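S.K.: Next comes the sequence, and after it the predicted model I'd like to discuss.
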Amino acid sequence: MKNVGLDMDGVIVDFIEPIVKALEVSVNDITDYKLDMLFPKRKEEIQNMYGQKGYFSSLSPYPKAIDFMNRLKKMHSVKLWFISKP
């Protein structure tokens, strides 16, 4: 059985929408993945959000992401691993 790694944030789950809501900013304000550099005055708040236990598991998957992963496992007999840098 082969292993396949899938990035979570921005690939399987939508991590932008919760950030936009929490920081009360526009999606257009998110121009880089280094959010603490984009919003230096809110660095601690951002780090606390990401550091919260269960944060990534609370994010909603993109439409059809679950179906895609199930089909990938079934058609190619692979073991899926989720990859994300906290």
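M.R.: Yep, that arrived. What you are looking at is a predicted structure, and each value in this text was computed from that prediction instead of being measured. Residues are numbered from 1 along each chain as shown.
S.K.: Residues contacting stretch 49-60, please?
M.R.: Residues outside stretch 49-60 that contact it (CB atoms under 8 Å, 6 or more residues apart in numbering): M8, D9, V13, D14, F15, E17, P18, I19, A22, S84, P86. For every residue, glycine as well, the C-beta is placed using N, CA and C.
S.K.: for stretch 8-21, that is, sorry about that
M.R.: 6, 25-27, 29-30, 35, 46, 49, 56, 59-62, 65, 69, 82-84.
S.K.: Which of the residues you listed fall in strands?
M.R.: The strands in this structure, assigned by DSSP state E, contain L6, F82, I83 from these.
S.K.: List the contacts of the first one.
M.R.: L6 makes contacts with I12, M69, L80, W81, F82, I83, as judged by CB under 8 Å, 6+ apart.
S.K.: Which other helices and strands does the longest helix anywhere in the chain contact?
M.R.: Using DSSP state H to define each element, the chain has its longest helix at helix 65-76. Counting contacts by 3 or more CB pairs under 8 Å, 6 or more residues apart in numbering; DSSP states H and E, helix 65-76 packs against strand 2-7, strand 78-83.
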